[in-house]
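Q: Dropping the sequence and predicted coords here.
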Amino acid sequence: ITTPVSSLTYQGGVSGGTSISVSCGTITAKGIVYSSTANPTLSSTFTNDGSGTANYTSSINLLSFSAGQVVYYRAYATTNNGLTNYGDELSLIVPISPCSDIFISEYVEGTSNNKYIEVYNPTSGVIDLSNYSVRSYANGSASISVSTALTGTLPAKETLVLRNSSATVFTGSSVVASAVNFNGDDAIALAKNGVNIDVFGQIGLDPGSAWTGGGLSTVDKTLRRKFSIVNGDDNGSNAFDPSLEWEVFSIDNVSDLGKFYSPTASNQSFCAVNNPVVSDLTTTSGSNIQWYVTATGGSALTSASSIASGTYYVSQTQDACESSLASVIITVGSLTFTGTPTNGDLIWNGRTNTDFGTISNWYEYDGATYINASVAPSETSSIIIPANQAVCVLQQPSTLANSGSVKNITIEASASLTMQDGTMT
């Protein structure tokens, strides 16, 4: 008996055989034969999973087959007299690989005609949209009610927002699509070359007022695809439970429309003397962060890559899919002052606070470059206090009581040193 495939992915699955018996001879080889044509034999691709009559499992490799292709498979057993017996034939459809095609990433069923569909391109390449269309199936219809052909291209890691012609709540970039005229109980599909590759809802079924499941409802709601979902749902005939692949938000919530789980990051500033690199960049949300120098992605920067002033782009990745990219403005300023430092001089930066004695408030000149100081000012120190300047000198210093002695102080124009409750010699 052929065991149905389990743990099926685009790479393969697990099958096997049970209740193995032969009328004559002993079993010298057993496994699974599989092919894109019916009734596969040992002349097709096969596994060899040992001998004997014990039940067995087989790992089927599907990498040589195409997504959507039907593969036929069945168990076999060969005896010592050269006879081969085959089990019952089963079939499977090869899943598409993760993040290999566009899918519906957001659904907005808002007030009045505020209806939107967002499509996301998770691949690393530009998608030609001329092969795609969006379809609506209204009121339980098994036939297409309205179809809108898509045009143009969709760059990697970017979204396309389709809207009802009268939608107003979202002010970002969008394209009018006649198929975006649904209610919370209609089915919506994204098709490629005339075949549905992603379906929201169940085609041919009217659920009443909304699609429901897991405590979620689609009427008067915004639904976003979970970040863990890496492919569209191409089965439009199975039961639709929105809680399995979607997160629900309040009506007219379009705060994430036009982007797909981009991490959040503030604009950031650095001083060139600190030799900032990519690992110094920060985000306020997201995991498995990647930084880029172009809006279309390309090759991610390594953590040790130097950064300069300009716009950088950041994404996060979960499972196999990468988010859309968020832009972040990076400023790298230069430390400037008129004095001429010598080896070992300390230069004030005020990065931490105004305390004269805090080590992190000082740069140290090593004769060639400026590095973070390893010691606070002392009686052997020559120090320079520059004027405030963006990024590199943030505030002016003040001493605490009995701050001690320094060898030499140079206070530049527009700079200052405030003495508090004590003296410095």
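A: Ah, there it is.

Q: going forward, measure contacts and count neighbours with C-alpha atoms only.
A: Noted.

Q: Just give the closest residue to residue 79, not the sequence neighbours.
A: residue 27 (4.3 Å; CA to CA, 6 or more residues apart in numbering).

Q: What segments of the stretch 301-425 of the chain are helices?
A: Ranges of helices in the stretch 301-425 of the chain, per DSSP state H, counting those that start in this stretch: none exist.

Q: And for the chain?
A: Remark: no helices are assigned in the chain by DSSP state H.

Q: Where does pLDDT dip in it?
A: 400-404, 420-425 (pLDDT under 70).

Q: Who are the contact partners of residue 317?
A: Applying CA atoms under 8 Å, 6 or more residues apart in numbering, one finds that residue 317 lies in contact with 287-289, 323.

Q: same deal with residue 411?
A: So residue 411 contacts 384-386, 417 (CA under 8 Å, 6+ apart).

Q: again, only using 10 Å
A: 339, 348, 383-387, 417 (CA atoms under 10 Å, 6 or more residues apart in numbering).

Q: what do you get for residue 322?
A: With CA under 10 Å, 6+ apart, residue 322 has these contacts: 99, 121-124, 156-157, 227, 230, 260-262, 288-290, 315-316.

Q: Could you check how far the residue nearest to residue 79 is from residue 16?
A: 15 Å (CA to CA, to the nearest Å).

Q: what about the strands in the stretch 1-150 of the chain?
A: Ranges of strands in the stretch 1-150 of the chain, per DSSP state E, counting those that start in this stretch, are 2-6, 12-17, 27-35, 45-46, 56-61, 70-79, 84-86, 90-93, 103-109, 115-120, 127-128, 132-137, 146-149.

Q: out of those, nearest to residue 374?
A: Judged by CA to CA, the one of these that comes nearest to residue 374 is strand 115-120, at 49.4 Å.

Q: Starting from the closest one, tell me which strands it pairs with and how they run.
A: strand 103-109 (antiparallel), strand 159-163 (antiparallel) (DSSP bridges).

Q: Single out the most deeply packed of these.
A: Highest mean neighbour count among the strands paired with strand 115-120 (mean count of other CA atoms under 10 Å): strand 103-109, with a mean of 27.

Q: and that one with strand 132-137, angle?
A: 40 degrees (axes from the mean of the first three to the mean of the last three CA atoms, to 10 degrees).

Q: Dump strand 103-109 to PDB, restricted to CA.
A: Taking Å, rounded to 0.1, in the frame of the first residue of the first chain, the C-alpha atoms of strand 103-109 are listed here in PDB:
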ATOM      1  CA  PHE A 103       0.500  37.400  -3.600                       C
ATOM      2  CA  ILE A 104      -2.300  39.300  -2.000                       C
ATOM      3  CA  SER A 105      -0.800  41.000   1.100                       C
ATOM      4  CA  GLU A 106      -3.600  43.300   2.400                       C
ATOM      5  CA  TYR A 107      -7.300  43.500   2.100                       C
ATOM      6  CA  VAL A 108      -9.300  46.600   3.100                       C
ATOM      7  CA  GLU A 109     -13.100  46.500   3.400                       C
END
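
Q: before we move on, back to that, pull up the gap between the residue nearest to residue 79 and residue 48, please.
A: 12 Å.

Q: And the contacts of residue 411, which is closest to residue 114?
A: residue 387 (53.7 Å).

Q: returning to that earlier point: roughly how far does the residue nearest to residue 79 sit from residue 206?
A: 54 Å.

Q: the more surrounded of the two?
A: Using other CA atoms under 10 Å, the more surrounded residue of residue 27 and residue 206 is residue 27, with 22 against 19.

Q: Please report how far the more buried one lies from residue 81.
A: Counting by CA to CA, the gap from residue 27 to residue 81 is 9 Å.

Q: To residue 240, which of the strands paired with strand 115-120 lies closest?
A: Of the strands paired with strand 115-120, nearest to residue 240 by CA to CA is strand 103-109, at 14.5 Å.

Q: how far does stretch 177-192 stretch from start to finish?
A: 16 Å.

Q: Equivalent analysis for stretch 310-330, please.
A: With CA to CA, one end of stretch 310-330 sits 5 Å from the other.

Q: List the buried residues in it.
A: 312-318, 320-328, 330 (16 or more other CA atoms under 10 Å).

Q: next one: stretch 388-403
A: By neighbour count with 16+ other CA under 10 Å, stretch 388-403 contains the buried residues 388, 391-400, 403.

Q: Touching, residue 131 and residue 193? I think so.
A: Yes - taking contacts as CA atoms under 10 Å, residue 131 lies within contact range of residue 193: 5.3 Å.

Q: more crowded one of the two?
A: In this view residue 131 and residue 193 are compared by other CA under 10 Å, and residue 131 has more residues nearby, 14 against 10.

Q: show me the contacts for the nearest residue to residue 67 once chain neighbours are set aside.
A: The shortest distance from residue 67 to any non-neighbouring residue, by CA to CA, 6+ apart, is to residue 96 (4.6 Å). If a contact means CA under 10 Å, 6+ apart, then residue 96 has 9-11, 66-69, 197, 230-232, 234 as its contacts.

Q: Now do residue 243 against residue 327, distance only.
A: Residue 243 is 31 Å from residue 327, by CA to CA.
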